[in-house]
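>>> How does the following fold in three dimensions:
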Amino acid sequence: MSARGRGAIENAASTRFGLPTREADGDWLDDRQGVDGVLPPLRTTVIPLRSRTIVTRNTSPDVPFDRSVNAYVGCEHGCVYCFARPTHAYHDLSPGLDFESRLFAKPDAAALLRAELARPGYAVQPLALGTNTDPYQPIERDWRITRALLEVLAECRHPVTITTKSDRVVRDLDLLAPMAAERLAAVMISVTTLDPQVARTLEPRAPTPTRRLAAVRALADAGVPVHVSIAPVIPGITDHEVEALLAAAADAGAVGAFFLPVRLPHEVAPLFRAWLAEHYPDRAEKVMNRIRSIRGGRDNDPRFGDRMRGEGAWYDLLLTRFRRARRRLGLDGDRMVLSCDLFRPPVGPPPDARQGELFG
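This next block holds a predicted model:
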């Protein structure tokens, strides 16, 4: 995807932070060149972010978890529809290209999680990874923060759910497979389209649909319950693929599936409009009209209880199609049946601290 509509390839953020940039080594490089040429270079900066706590609590009726951890702020995948984009404003950065290239990593995440799990009276419920930005985006290869979080959760036998659109999750099968055997882990992989051309413009630096489905197969073969998330469904762009996506998920070994209609909160709406104008000028207004039809006449419906679903005739038809196909393919399994009764609090300092004492 070109930088047009989201800012120039280079911007002033790296100069302002005084940090070096690197050329992104994204997941798309090995098999995207045959789709539509080579993607333009992207320079990324990763800034360590120190926090006092790492677990975020929520009481939203729209999500099936009450706690989550996000290892990174911003995401190299560059999905134009990402609802997390507006959060970059908290760091005085743009929700456009800054969100994709000026990233924050939380190197203390595992230590902070360990401290949280050691608190007296800690009450166990599944912990969600990847609820805001992808825990397996390209920078995870070097930072390995998600890996460190899983090591703590595995040690404590704490249930975890992971949401990602990266096949890098397969790297951690040595942790996830034993946890899944004790009903402590489940994975959700997002697959929004089977069309590589659509994927290239919609999610320019995420792994291809083929690689994501291969990850579903690898997880399933290892005994990890994996669900496919068709999120978001974009009317007039990807909605015709719902049945084919569900069939591909079933063929790959998924045990369940769900979908969400596209959401366009705050600054995401103008970015999405610019994407439509560039890639689908012939149907841009029709797509936006249909989105407004399922969002109460607006680009986005932010109300709790309504924001994750839609309304109106188009949404009702999509929901009926999805439910029929899911039932026919046997993909209506419960995605959150995890054990909370095996938990054991961490004992002693983390391994790195003990090693430091030995060699310090």
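>>> residue ranges of the helices in the stretch 251-360 of the chain, please?
For the stretch 251-360 of the chain, applying DSSP state H, counting those that start in this stretch gives helices covering 268-279, 284-294, 312-329, 351-359.
>>> Test my guess that Val216 contacts Ile189.
Yes. Val216 lies in contact with Ile189 (CB atoms under 8 Å); the separation is 5.5 Å. Using the backbone N, CA and C atoms, a C-beta is placed for each residue, glycine as well.
>>> and for these two, which residues touch both?
226, 228 (CB atoms under 8 Å, 6 or more residues apart in numbering).
>>> How about Leu213: what's its closest non-neighbour residue?
Leaving aside its sequence neighbours, Leu213 sits nearest to Ala252 (CB to CB, 6 or more residues apart in numbering; 4.7 Å).
>>> contacting residues around that neighbour?
So Ala252 contacts 213-214, 216-217, 220, 228 (CB under 8 Å, 6+ apart).
>>> and those residues, which are buried?
213, 216, 220, 228 (16 or more other CB atoms under 10 Å).
>>> Now render the residues you listed as TSV, adding pLDDT and distance to Ala313.
Below are the buried ones among the contacts of Ala252 laid out as TSV (pLDDT from 0 to 100; distance: CB to CB, whole Å):
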residue	pLDDT	distance to Ala313
Leu213	98	31
Val216	98	32
Ala220	97	36
Val228	97	26
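>>> In helices only, show me those.
213, 216, 220 (DSSP state H).
>>> List just the nearest of these to Asn132.
Distances from Asn132 to these, taken as CB to CB, are shortest for Val216 (22.2 Å).
>>> Provide a list of residues in contact with the closest one.
For Val216, the contact set (CB under 8 Å, 6+ apart) comprises 189, 226, 228, 249, 252-254.
>>> Could you measure from Thr56 over to Ser94?
Separation of Thr56 from Ser94 (CB to CB, to the nearest Å): 23 Å.
>>> is it true that Met188 touches Ile162?
Yes. With contact defined as CB under 8 Å, Met188 reaches Ile162; the gap is 6.9 Å.
>>> which of these two has more neighbours?
Ile162 (26 against 22; other CB atoms under 10 Å).
>>> now that one: how far from Phe343?
18 Å.
>>> again with Thr45
The gap separating Thr45 from Phe343 is 38 Å, by CB to CB.
>>> Compare the two (neighbour count), which wins?
Under the criterion of other CB under 10 Å, the comparison of Thr45 against Phe343 puts Thr45 first, with 19 against 16.
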